[in-house]
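> Using only what follows, build the 3D model:
(one chain, ligands or ions: 1)
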Amino acid sequence: MIRPATGKLGILTPGLGAVATTFMAGVEGVRRGSSKPIGSLTQMATIRLGKRADHRAPLIKEFVPLAGLEDIVFGAWDPIPDDAYTAAKKAGVLTPQDLEPLKDFLSAIKPMPAVFDQHYVTRLTGTNVKKGKNKRDLAEQLRADIREFRKVSGVDRVVAVWCGSTEIFIRPSAVHASVEAFEKAMESDHPDIAPSMLYAWACIMEGVPYCNGAPNLAVDTRALSELADAKGVPISGKDFKTGQTWMKTVLAPGIKARMLGLEGWYSTNILGNRDGEVLDDPASFKTKEESKLSVLHTILQPETYPDLYDGFSHVVRINYYPPRGDNKEGWDNVDIVGWMGYPMQIKVNFLCRDSILAAPLVLDLALFSDFAHRAGLRGMQEWLSFYYKSPMAAPGLQPEHDLFIQQTKLKNTLRRLMGEAQVTHATEDDT
Ligand SMILES: NC(=O)c1ccc[n+]([C@@H]2O[C@H](COP(=O)([O-])OP(=O)(O)OC[C@H]3O[C@@H](n4cnc5c(N)ncnc54)[C@H](O)[C@@H]3O)[C@@H](O)[C@H]2O)c1
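The predicted structure follows:
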């Protein structure tokens with residue numbers, strides 16, 4: 001039994017920067033009829049049901065009871081006190097022509113004081129920051145914020161999508177191994193407990209599904225997965241799959257499907273937004289690099305195909321280059337190998353816009369996570385791996401990186417939840 005999407009849905013974003021404000025502006029634009037939700041599966045994609053001959057392919061949003069855009073209310077936390085209009089203006093993603101008509105709406109979204117510590121994001125200085133006697137106390141303040149947001153905005157349900165900065169690299173340790181150890185570590189201010197983990201803990205405790213848009217460990221620990229399971233709250237992560245990695249998870253399965261070899265993949269890009277500035281710090285870059293590097297290995301399976309993929313070289317660079325702002329330019333050089341060992345090269349030059357690619361992902365993750373919650377799903381949501389660079393997976397299992405397997409998994413999960421048959425594409429089932 002899936003609870004209906006009655007009333008309003010609150011979407012809280014820790015982080016009110018380029019991605020979050022572009023997301024909010026876009027949703028309001030769609031509500032006013034001035035733009036279309038391009039890039040969003042929940043709004044634009046159809047889903048085939050039954051056999052091909054049945055000709056049933058409704059829009060996902062007509063098939064699955066999702067919250068409507070008109071029912072969304074926004075809230076955010078950020079250590080920088082700018083309201084969403086000012087933040088969007090500084091981010092420079094949207095032109096004044098698109099931004100100015102939304103000024104009243106965006107100016108009204110003011111960030112709540114953040115749990116922030118410069119130790120974890122060295123390139124930022126924040127003034128809109130909570131004070132507390134220890135990390136537990138700070139996390140309790142976040143819980144109080146969520147309760148207050150519910151009360152004041154009158155929303156029925158709340159979901160959270162982390163759109164905050166990438167924190168320094170942290171490995172899972174003993175403090176992340178159980179809920180008890182995690183809660184003790186919050187009380188003793190353990191350095192392995194980063195702010196993003198406090199948001200995740202607070203959200204789960206308040207029954208708020210949590211989606212992790214950055215590569216931060218955050219909710220991707222045993223402790224928080226178990227807590228989410230116990231509290232019946234869906235969680236997912238990590239790191240929005242947008243520019244270069246999205247392209248990689250489209251191309252690499254194609255190379256592998258044809259059993260072509262790979263000698264090396266070199267990816268570099270230039271970007272000049274605040275995210276690029278934060279990633280200019282080696283400790284934050286390390287978190288991002290780990291997230292980006294895992295992809296090829298899992299798709300290509302060198303252990304299974306040593307003749308094709310053993311020892312390929314994979315290099316990822318991100319260069320902070322202010323003139324480009326949010327308009328990232330990426331270059332990929334892919335050295336592949338064909339019949340009789342002959343080398344070939346593929347070059348990709350992607351002139352993308354980071355936040356324009358990420359914004360619809362925020363919307364989909366929020367709507368699907370709210371739906372998952374109402375459908376009684378709990379804990380890690382692997383079917384949402386479609387949206388992530390470094391998807392969470394059950395212990396002992398490899399995450400699925402291939403975009404098209406991820407898409408099939410997502411759609412088949414929707415079919416199953418709605419009582420429809422899985423689409424297998426087997427010839428005998430397909431006509
Ligand atoms: N845009 C993309 O294509 C893309 C893809 C994958 C991941 N991401 C990740 O999404 C996140 C947001 O990207 P962006 O371009 O909007 O960055 P941004 O720098 O414009 O915005 C991030 C905001 O988070 C705030 N912040 C930092 N620490 C915080 C905390 N502890 N609590 C609350 N807010 C905090 C910052 O002050 C900033 O305003 C980054 O971590 C980025 O790596 C973006």
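
> And residue 121, how far from the ligand?
5 Å (CB to the nearest ligand atom, to the nearest Å). The C-beta positions use only the backbone N, C-alpha and C, and glycine is treated the same way.

> Ramachandran coordinates for that residue?
phi -140, psi 90 (degrees, to the nearest 10).

> now do residue 211
phi -110, psi 130.

> Buried residues, stretch 414-429. List them.
414-415, 417, 420, 423 (16 or more other CB atoms under 10 Å).

> wait, I meant stretch 235-255
Buried residues in stretch 235-255 (16+ other CB under 10 Å): 235-249, 251-253, 255.

> what do you get for stretch 320-340?
For stretch 320-340, by 16+ other CB under 10 Å, it's 320, 324-330, 332, 334-337.

> Put the alpha carbons of it into CSV.
Presented in CSV, the C-alpha positions along stretch 320-340 are these (Å, rounded to 0.1, in the frame of the first residue of the first chain):
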residue,chain,number,x,y,z
TYR,A,320,40.1,25.5,-11.2
TYR,A,321,40.0,28.2,-13.9
PRO,A,322,37.9,31.2,-12.8
PRO,A,323,37.0,32.6,-16.3
ARG,A,324,34.8,29.6,-17.1
GLY,A,325,32.5,29.9,-14.0
ASP,A,326,29.9,27.1,-14.0
ASN,A,327,30.5,26.4,-17.7
LYS,A,328,32.9,23.5,-17.4
GLU,A,329,34.8,22.3,-20.4
GLY,A,330,36.0,18.7,-20.2
TRP,A,331,38.3,16.7,-22.5
ASP,A,332,38.5,12.9,-22.6
ASN,A,333,41.1,11.0,-24.5
VAL,A,334,40.3,7.3,-24.7
ASP,A,335,42.8,4.9,-26.0
ILE,A,336,41.0,1.8,-27.2
VAL,A,337,42.3,-1.4,-28.8
GLY,A,338,40.7,-3.4,-31.7
TRP,A,339,41.0,-6.5,-33.8
MET,A,340,44.6,-7.8,-33.9
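
> And the average pLDDT for it is what?
For stretch 320-340, mean pLDDT rounds to 93.

> Check stretch 378-389 too.
On average, stretch 378-389 scores 96.

> Look at it and report the distance between its end residues.
End-to-end distance for stretch 378-389: 21 Å, by CA to CA, to the nearest Å.

> Among the buried residues of stretch 235-255, name the ones in helices.
Those of the buried residues of stretch 235-255 mapping onto helices are 244-249, 251-253, 255, per DSSP state H.

> how about residue 386, secondary structure?
Put simply, residue 386 is helix when judged by DSSP: H, G, I helix; E, B strand; the rest coil.

> So what's the residue count around the nearest residue to residue 147 once chain neighbours are set aside?
Excluding the flanking residues, the one nearest residue 147 by CB to CB, 6 or more residues apart in numbering is residue 206, at 6.9 Å. Residues near residue 206, counting by other CB atoms under 10 Å, number 21.

> Residue 387 touches residue 360, doesn't it?
No: Residue 387 lies out of contact with residue 360 (CB atoms under 8 Å); the separation is 9.7 Å.

> quick one, which of those two is more surrounded?
residue 387 (26 against 23).

> Show me the shaky parts of this protein.
428-431 (pLDDT under 70).

> Could you list the contact residues of it toward the ligand?
14-20, 77-80, 91, 114-116, 121, 124, 163-166, 195, 213-214, 239-240, 242-243, 273-275, 278, 354-355, 357-358 (CB under 6 Å from any ligand atom).

> The residues you listed in strands, which ones?
14, 77 (DSSP state E).

> the domain parsing of the chain - what is it?
9-240+356-417, 244-351 (automatic domain parsing).

> dump the residue contacts of residue 315.
Residue 315 makes contacts with 264-268, as judged by CB atoms under 8 Å, 6 or more residues apart in numbering.

> of all the residues you listed, which comes closest to the ligand?
Distance to the ligand across the contacts of residue 315 (CB to the nearest ligand atom) is lowest for residue 267, with 14.0 Å.

> Give me the phi and psi for that closest one.
Dihedral angles (degrees, to the nearest 10) for residue 267: phi -120, psi 130.

> show me the residues around it that make contact.
Counting by CB under 8 Å, 6+ apart, residue 267 has contacts 244, 248, 292, 315-317, 330-332.

> residue ranges for the strands of the stretch 1-150 of the chain, please.
Remark: strands assigned in the stretch 1-150 of the chain by DSSP state E, counting those that start in this stretch are 9-14, 72-77.

> Which positions within the last one qualify as buried?
If I follow you right, that is strand 72-77. Neighbour-count burial for strand 72-77, with 16+ other CB under 10 Å as criterion, is recorded at 72-77.

> Please apply the same query to stretch 177-196.
179, 181-183, 185-186, 190, 192-196.

> Please, where are all the helices along the stretch 301-431 of the chain?
Under the criterion DSSP state H, counting those that start in this stretch, helices of the stretch 301-431 of the chain are mapped to 306-309, 354-374, 403-417.
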